[in-house]
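1. whatever this is, show me its structure:
(chains A and B)
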Amino acid sequence: MCSVRPQGLSEEFAVSGHRACQGCAEILAVRLALKGFGRDTILVMATGCMEIISTPLPTTDWRLPWIHVAFENAAAVASGVESALKILMEKNKIPKKDIHVVAIAGDGGTGDIGLQALSGALERGHKFTYICVDNEAYMNTGIQSSSLTPYGAATTTTPAGKKSIGQSTWKKNMPKIAAAHNIPYVATACPSYPFDLINKVKKARMVNGPSYIHILSVCPTGWRIPTDLAIRYGRLAVETGVFPLYEIVNGKYSLTYNPEPLRHMVDYFNGQGRYRHLTVKTISKIQERVNLDWKRLKRLCELK
Amino acid sequence: MKKGIEVSIAASIAAQLARVEVIAAYPITPQTHIVEHLAELVANGELDAVYINVESEHSAMSACCGSSAAGARTFTSTSSQGMELMHEILFIASGMRFPIVMAAVNRALSAPLSIWGDHSDIMAARDTGWIMLFCENGQEVVDSTIMAFKIAEDRRVLLPIMVNLDGFSLSHVIEPIEFPSQEEVDAFLPPYNPLYTLHPDKPLTMGAYAMPELYTEAKYAQEMALINSKDVVTEVMNDFSKTFGRRYKPVETYNTDNADFVYIALGSIGENIKTAIHEMKEQGKEAGFVSLRLFRPFPGDELLSVLKDKKRIAVVERAMPGGAANGPLFHEIATLMYTGGIDVKIENYILGLGGRDVLPETFIDIYNGVAHTKDTVPVKEKNYDVIGVRG
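-> Okay, here's the model as predicted:
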């Protein structure tokens, strides 16, 4: 965990008046992240919750230049914006200035339909930050599963039933996929740990090349939890080892918060409607997997 | 001075002369020579631009949107399946009013896979809200590309433009082409001065969504901009004629004054039609030809004034109707004639699909009314003739 409180964060770039659901951790995550990026930022957003809640014509939630083109191409649009700024500055058509380009997409826009554009942009080495705001399903269209929906979670397209435990595949490891592109900075974050999130954003902004931040964004609507519990469930995800907070700097892994001893999965599943059908057997299967992943991560961090 | 050069390379030189700043492209046959040469020009420092090697055409058009939004003069090129992969973003580029210029090297669509030329790709993209210019030869490709930037970036327009050229039968042909000098192009085409850009000093929201009470108005405004762009196209073509001496009009005519019968077509096939007309003239048969240099917005008034006193019209096109009553170009011409009060015989011929050679004789056969009976099988309940289907 960070020990220094980040300074100069009073300015708001995502302002009130948007249409986010009550208790939405995603708008909180984006609001915090933008504080870290600062004023000289251009935002590129994929279709998804954030776009829908923030920009019904003629209103906007964004005090930064913001563009939405489509669902699957935030990284590609960001590539174009970054390239244009570069050449326009080289040609002195616009004043030289350190303007950072940030692409933001949800779990579906990142892990499913947007994966190709993201991979291309990371591989090309554009200086930009890609943020995945991961609420673990397609939330604004009605809680359908994505490849980042966790095993055992019930969604409207992976409903729990007599022959189904809900999502039957394991969550795709996006930070690892991003890191496999050998980019300088990859991190996970959660708005339940705001200063950790802001610090990581600031680090991402400083690196010379692509950076990727995966933010767990608790969704009370889709997770079927009370609207005042988003922060608590974010913490539980971290404390159970379901969503570890770590960084990969130039390929080197390090935990930014070690919650050991890990809490039992039951603490995290309790009260979440999307998991209410889970049997003890399934929970222990998931627990096994989480323990294994945690061990692997610690080995990568050279803690063990 | 004219220079013998491959038309694809000429197209890329035209983009260079237009001082493009960002190129985002993915290679696809038969467009490759255009983007390869641009990459080379950038690599050698002969063109001061960023060349983005995107991982797909979808991302090519997406990156073009980003680049254009940030205020750079933006160019791309594609063909066939690539245009299909861009399809979704083509609508967004025009809806967001980005003056992107694209060399569209027209090619057949799969399946079966065919790398050769026809108009299946562009007919599938004809209603994407882009301005569309068609070229008959290499000189037109160069001149249209330069004009395209001036039209697209005009503040009365601000719409993307496709410059269409036929795959292989034009893109890979070596032709004598006259290039304007850089100074001449600079004088004709001023640097891009965007109205709105993405910049932190003046934050703007681009690409917001519209509720039902606003969507219609937004689309209507876009449609009006596209329709009204015809005046700017004409204006820029006139300016070009004055500056460079080569005359362009949205609707080009050949021998139409003398003839009761006219062919209508798009693209390089026009050269074969003209050859046929020339041969027929020697046999005492008068036929005319109408070439649509501008296909979107549809130049209805200009076409009507040519067609109003004709007796018979043959629309020849290089795309399958796809189960429709007739080919796509025919629909437009027939609609125009019906609403314009012209009641004459109009025929539809589908030919040159997937790179099939079309010879001048075919047009003579069309004139003589025997095109369909030659080496073909009949099509049940059809309104159109598909030329050259072997039984």
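2. where does A:His68 fall, phi/psi-wise?
-> When read as degrees, to the nearest 10, the backbone of A:His68 gives phi -120, psi 130.
3. number of nearby residues for the residue of chain A found nearest chain B?
-> The nearest approach of chain A to chain B comes at A:Gly80, 2.7 Å away (CB to the nearest CB). In this view, the C-beta of every residue, glycine as well, is placed from N, C-alpha and C. Neighbours of A:Gly80 under the rule other CB atoms under 10 Å in any protein chain shown: 36.
4. one more: A:Gly271?
-> Using other CB under 10 Å, A:Gly271 is surrounded by 16 other residues.
5. ok, now which ones touch it?
-> A:Ile225, A:Pro226, A:Leu229 (CB atoms under 8 Å, 6 or more residues apart in numbering or on different chains).
6. could you do B:Tyr349 as well?
-> B:Ala314, B:Val315, B:Val316, B:Glu317, B:Ile366, B:Ala371, B:Tyr384, B:Asp385, B:Val386, B:Ile387.
7. that one: which element?
-> strand B:345-350 (DSSP states H and E).
8. could you check the angle the next helix or strand after that strand makes with strand B:345-350?
-> Remark: after strand B:345-350, the chain's next helix or strand is helix B:360-368, criterion DSSP H and E. Helix B:360-368 runs at 150 degrees relative to strand B:345-350, counting by axes from the mean of the first three to the mean of the last three CA atoms, to 10 degrees.
9. ok, now which ones touch A:Val242?
-> By CB under 8 Å, 6+ apart, the contact set of A:Val242 is A:Pro150, A:Leu236, A:Met265, A:Tyr268, A:Val290.
10. show the buried residues in the residues you listed.
-> Buried subset of the contacts of A:Val242 (neighbour count, 16 or more other CB atoms under 10 Å in any protein chain shown): A:Pro150, A:Leu236, A:Met265, A:Tyr268, A:Val290.
11. which helix runs longest in chain A?
-> Counting by DSSP state H, the longest helix found in chain A is helix A:280-300.
12. now do it: distance to the chain's middle.
-> The chain centroid and the centroid of helix A:280-300 are separated by 21 Å under CA atoms, centre = their mean, to the nearest Å.
13. neighbours of B:Pro203, how many?
-> B:Pro203 has 18 neighbouring residues, counting by other CB under 10 Å.
14. near chain A, which residues of the stretch 101-250 of chain B are found?
-> B:191, B:198-200, B:202-211, B:214, B:218 (CB under 8 Å from any CB of the partner chain).
15. swap the cut-off to 7 Å and go again
-> For the stretch 101-250 of chain B, the residues found near chain A under the criterion CB under 7 Å from any CB of the partner chain are B:198-200, B:203-211, B:214.
16. got a markdown table for the residues you listed, with pLDDT and secondary structure too?
-> Output for those, formatted as a markdown table (pLDDT from 0 to 100; DSSP: H, G, I helix; E, B strand; the rest coil):
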| residue | pLDDT | secondary structure |
| --- | --- | --- |
| B:Leu198 | 98 | coil |
| B:His199 | 98 | coil |
| B:Pro200 | 97 | coil |
| B:Pro203 | 97 | coil |
| B:Leu204 | 97 | coil |
| B:Thr205 | 98 | strand |
| B:Met206 | 98 | strand |
| B:Gly207 | 97 | coil |
| B:Ala208 | 97 | coil |
| B:Tyr209 | 97 | strand |
| B:Ala210 | 97 | coil |
| B:Met211 | 96 | coil |
| B:Leu214 | 97 | helix |
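17. most surrounded residue in those?
-> Counting by other CB under 10 Å, top hit in those: B:Leu198 with 27 neighbours.
18. quick check: that residue touching B:Ala69?
-> Yes - the pair B:Leu198 / B:Ala69 is scored as a contact, 5.1 Å apart, by CB atoms under 7 Å.
19. who touches both of the two?
-> The contact sets of B:Leu198 and B:Ala69 overlap at A:Ile67, A:Val81, B:Met206 (CB atoms under 7 Å, 6 or more residues apart in numbering or on different chains).
20. quick check: of the contacts of B:Tyr349, which has the highest neighbour count?
-> Counting neighbours by other CB under 10 Å, B:Val316 comes out on top of the contacts of B:Tyr349 with 29 neighbours.
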